[in-house]
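**Student:** Sequence first, then the predicted structure, then my questions.
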Amino acid sequence: MNFKILKKSSKSRARLGLLETSHGVVETPCLVPVATQAVVKTLESKEVEETKSQILISNTFHLHLKPGEKIVEKAGKIHKFMNWKRPLMTDSGGYQVFSLGFGTDYGLGSKILKKEQERGESIKINAQPQQIKIGEDGVEFRSPLNGDKIFIGPKESIKIQEKIGADIIFAFDECTPPLADHDYVKKSLEKTHRWAEICLKVKKSDQALFGIVQGSRFKDLRIESAKFIGSLNFDGFGIGGEFGNDKKEMGKMIEWVVDELPEKKPRHLLGVGYLEDMETIIKSGVDTFDCTVPTHYARRGIAFTSEGKLDMKKTIYLKKNEPLDKECVCNVCKNYKKDYICHLLKAGEITGMKLLTFHNLHYFNTFVEEIRNKIKRGEI
RNA sequence: GGGCGUGUGGCUGAGCAGCAAAGGCAACAGACUGUAAAUCUGUCGGGGUAACCCUUCGUAGGUGCAAGUCCUACCGCGCCCA
């Protein structure tokens, strides 16, 4: 993998780049659609290309459980397995440390604390989630599929990711929960840092390996983590964990980190990408970012349009014989109307979710494309 | 004509003396940011912020302190026998 910076904004930390891999080039800044189980749910790979998606991220934990990395490897590795010819990343499974752990215990999201939830900082040093066990060498999971005990640490994650064979792989980290206090995060960070060094040592493939910066909302820890991870011989960097109480803080927190990372290497923001967040995170210096929102919300019946977020399950849309977005040029907007899509969703037809997934991805990718153009024109 | 059965809130469907009445569906509202996620939450007879009040279980009477819940008649629907 090679990363070229084409232009640096004079108005912000934003930059235009080219991420070159053996499976093609990614123009950055770029949204990375999520293909957890080696598929963008509801779409086939050819359709995903048609949404202007340049690179996908799949998940180590999920592929380890099903079908198992050996199957993927035997199929000729993940590109051949899923017939995706462009670049691919795999996440390390670090997010599942959060999601299946404290995330489940407290009903939390990982990025921004929900309004209703008070900042109790109830997760203190040495706390353990109920269903998984976070140890020094890794994490003991229970398979959500059949209850089997599974152990994944940095070594295991890298070995699995090598077998899966994505272009870019991530170090195994602990994604700390928003309710964790400073002491918890500090101790967790030290572990994530040790794990980062192990990941670098263990990796034998020529895949690009990205280290992950944690540190939650704490400035000292974010900077400490960025300095440490940034000093290691990674090919790029992920920025993970939570970003404070509200979105205004998010950009600032990303900048704490970005300013400590080597400038020439790509920065990937893990799991952030509401439309309204995109300009902020890109202006803070993020090159790539993945987010489940366009695909996940599509399966909930939500269409993203220039008129805002539309809940296409609402009965009023049965009476609207017009495209989801009058300005959108995607195949769905060219060929289908709201009344039909609403009908499909109400009838429980999977094609409704498929059409929305296609449109949302196209819409998000076009949105980022426009931000790239703004950087080109020197507007942001 | 005779016998048996049935009639519940937008639909469906429990309840068989102490209910504004289970469940499901639909409807409406909300949530979802490195996907245990085609999911979850709330409302769902009317009125009031609320303790509370009012109107409901085919229709009309009756027996009970109390009736969708028991009795009688009628009406509608279903099946069976003539």
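**Tutor:** It's in.
**Student:** Endpoints of stretch A:196-209, how far apart?
**Tutor:** 10 Å (Cα to Cα, to the nearest Å).
**Student:** who's in contact with it?
**Tutor:** A:1, A:21, A:92, A:153-155, A:157-159, A:161-162, A:165-173, A:211-212, A:228-229, A:232-236 (Cβ atoms under 8 Å, 6 or more residues apart in numbering). For the C-beta atoms, the positions are set from N, CA and C on the backbone; glycine is no exception.
**Student:** Kindly supply the ChimeraX command isolating those of those residues that are buried.
**Tutor:** Applying 16 or more other Cβ atoms under 10 Å to the contacts of stretch A:196-209, the buried members can be selected in ChimeraX as follows:
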select /A:1,21,92,153,154,155,157,158,159,161,162,165,166,167,168,169,170,171,172,173,211,212,228,229,234,235,236
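**Student:** from the contacts of stretch A:196-209, which are also near RNA strand B?
**Tutor:** With Cβ under 7 Å from any atom of the strand as the criterion, the contacts of stretch A:196-209 include A:92, A:170, A:173, A:212 near RNA strand B.
**Student:** sorry, back to before: the contacts of stretch A:196-209 in helices, which ones?
**Tutor:** Judged by DSSP state H, the contacts of stretch A:196-209 include A:154, A:155, A:157, A:158, A:159, A:161, A:162, A:228, A:229 as members of helices.
**Student:** Return the member of those residues nearest to RNA strand B.
**Tutor:** residue A:157 (9.6 Å; Cβ to the nearest atom of the strand).
**Student:** quick one: contacts for the closest residue to that closest one other than its chain neighbours?
**Tutor:** Ranked by Cβ to Cβ, 6 or more residues apart in numbering and with sequence neighbours excluded, the top spatial neighbour of residue A:157 is residue A:172, at 3.8 Å. Residue A:172 sits next to A:92, A:93, A:94, A:138, A:152, A:153, A:154, A:156, A:157, A:158, A:195, A:199 when contact means Cβ under 8 Å, 6+ apart.
**Student:** try 7 Å this time
**Tutor:** Contact partners of residue A:172, counting by Cβ atoms under 7 Å, 6 or more residues apart in numbering, are A:92, A:93, A:94, A:152, A:153, A:154, A:157, A:195, A:199.
**Student:** Please tell me I have it right and the first one contacts residue A:157.
**Tutor:** So the one you mean is residue A:92. Yes: using Cβ atoms under 7 Å as the test, residue A:92 is close enough to residue A:157 to be in contact (4.6 Å).
**Student:** overlap in contacts of these two?
**Tutor:** Common neighbours of residue A:92 and residue A:157, using Cβ under 7 Å, 6+ apart, are A:60, A:172.
**Student:** Return stretch A:228-237 as CSV; C-alpha atoms alone will do.
**Tutor:** Output of stretch A:228-237 as CSV, limited to C-alpha atoms (Å, rounded to 0.1, in the frame of the first residue of the first chain):
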residue,chain,number,x,y,z
PHE,A,228,2.8,6.2,21.0
ILE,A,229,0.9,4.5,18.2
GLY,A,230,2.2,7.2,15.8
SER,A,231,5.8,6.3,16.7
LEU,A,232,5.4,2.7,15.7
ASN,A,233,6.0,1.4,12.3
PHE,A,234,2.4,1.2,11.1
ASP,A,235,1.3,1.9,7.6
GLY,A,236,-1.6,4.1,8.7
PHE,A,237,-3.7,4.8,11.7
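**Student:** elements contacting the one helix or strand in chain A whose mean pLDDT sits lowest?
**Tutor:** In chain A, no helix or strand scores lower on mean pLDDT, DSSP states H and E than helix A:102-106, which sits at a mean of 88. Helix A:102-106 sits against no helix or strand, with contacts defined as 3 or more Cβ pairs under 7 Å, 6 or more residues apart in numbering; DSSP states H and E.
**Student:** Can you name the element that comes right after it?
**Tutor:** Sequence order places strand A:133-134 as the next helix or strand after helix A:102-106, per DSSP states H and E.
**Student:** partners of that next one, with directions?
**Tutor:** Paired with strand A:133-134 in the same sheet, following DSSP bridges, are strand A:139-142 (antiparallel).
**Student:** ok, and what's touching the strand it pairs with?
**Tutor:** Contacts for strand A:139-142 (Cβ under 7 Å, 6+ apart): A:96, A:97, A:100, A:131, A:132, A:133, A:149, A:150, A:151, A:152, A:153.
**Student:** neighbours around the fifth one, how many?
**Tutor:** Think residue A:132. 23 (other Cβ atoms under 10 Å).
**Student:** go on, the second one?
**Tutor:** Residues lying near residue A:97 (other Cβ under 10 Å) number 27.
**Student:** close enough to count as contact, it and residue A:176?
**Tutor:** No: with contact defined as Cβ under 7 Å, residue A:97 does not reach residue A:176; the gap is 8.9 Å.
**Student:** Identify the residue of the stretch 201-350 of chain A closest to RNA strand B, quick one.
**Tutor:** residue A:271 (2.2 Å).
**Student:** how deep is that residue tucked in, by neighbour count?
**Tutor:** What residue A:271 shows, counting by other Cβ under 10 Å, is a neighbour count of 23.
**Student:** got a list of what residue A:313 touches?
**Tutor:** Per Cβ under 7 Å, 6+ apart, neighbours of residue A:313: A:301, A:342, A:345, A:346.
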